[in-house]
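Colleague: coordinates only, sequence not included:
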Ligand code: MG
Ligand code: MG
């Protein structure tokens, strides 16, 4: 077993070989996203989408990162994907829910391959959606890109946070505070936390070989959240629509390598 080197901050620095493993996990996540996106349409259930994701991930010899995941005293998460509809922000449990024309669906999942995780999320409309919902989705995807654009060795974590918040609020949306991005590698969640709000120039310094998941969640209304009685599903407190995009990235000398969307953003 190769042990990751740790920086004084406790953040693991991956070797070139370890980044190579993470590229493989990221590619599996990217390929799974394509398959799930193709299946999103009115009439499909979130459980059917979950099966598509799990079957593909296992078919290439990887494992779902979220299935069986425990948080606090919660029952373990039962799905491969988190499927969060409309006002659901994150951690929706896939099941019998049928998607309807006009819904928006956030899908969040990870895969572990060669001992390393990839973690990614996207939001997509089901059939025809409102102009406002589409604007929210587009702004959330763009806020992630704005965050990634800030990444380079020598920068600070909150440079990302600030860029996401500035863009999101400039578009008239709010940024969820309670859930944040994270370091990622042998564990799904590692140091440091990557908030989607805050002043630039703060937090741990970004170093070549760090791998982090950046994941802005934007709401049409306020940023406050509530958790449902199922112990997992997080919704907007005011019931407004929410969108979520996430990529796992590796920090390079002069920027970022996006591991979970190596093909770029194509829709
Ligand atoms: Mg995720
Ligand atoms: Mg994540």
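Modeller: Sure thing, it's come through. Please read all numbers here as calculations on a predicted model, not as lab measurements. Ligands and ions are numbered 1, 2, ... in the order given.

Colleague: pLDDT on the host helix or strand of residue 55, on average?
Modeller: Following DSSP states H and E, one finds residue 55 within helix 46-59. Average pLDDT, helix 46-59: 98.

Colleague: and it, what's buried?
Modeller: Buried residues in helix 46-59, counted by 16 or more other Cβ atoms under 10 Å: 46, 47, 48, 49, 50, 52, 53, 54, 56, 57. No exception for glycine: its C-beta is placed from N, CA and C like everyone else's.

Colleague: with stretch 27-38 instead?
Modeller: Quick answer for stretch 27-38 (16+ other Cβ under 10 Å): 27, 28, 29, 30, 32, 33, 36.

Colleague: ligand 2: which of these is nearest?
Modeller: residue 29 (11.1 Å; Cβ to the ion).

Colleague: so the closest one, which state does it fall into?
Modeller: The three-state label given to residue 29 by DSSP: H, G, I helix; E, B strand; the rest coil is helix.

Colleague: next one: stretch 115-131 to chain centre, how far?
Modeller: 9 Å (Cα atoms, centre = their mean, to the nearest Å).

Colleague: what of stretch 134-149?
Modeller: 12 Å.

Colleague: lowest-scoring secondary structure element of the chain by mean pLDDT?
Modeller: In the chain, the helix or strand scored least confidently by mean pLDDT, DSSP states H and E is strand 5-6, which has a mean of 66.

Colleague: can you name the residue of the stretch 51-200 of the chain nearest to ligand 2?
Modeller: residue 119 (4.2 Å).

Colleague: is it possible to export the buried residues of helix 46-59 to TSV including distance to residue 13?
Modeller: As requested, those are exported to TSV (distance: Cβ to Cβ, whole Å):
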residue	distance to residue 13
46	37
47	39
48	40
49	35
50	34
52	35
53	30
54	32
56	31
57	27
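
Colleague: beyond the least confident helix or strand of the chain, next helix or strand please.
Modeller: Next along the chain from strand 5-6, counting by DSSP H and E, comes strand 12-13.

Colleague: strands paired with that next one, and their directions?
Modeller: strand 5-6 (antiparallel) (DSSP bridges).

Colleague: give me the three-state assignment for residue 102.
Modeller: Looking at residue 102 with three-state DSSP, the answer is coil.

Colleague: any figure for the gap between it and residue 252?
Modeller: 40 Å (Cβ to Cβ, to the nearest Å).

Colleague: what residues of stretch 153-167 count as buried?
Modeller: Buried, per 16+ other Cβ under 10 Å, within stretch 153-167: 153, 155-165, 167.

Colleague: no further questions, thank you.
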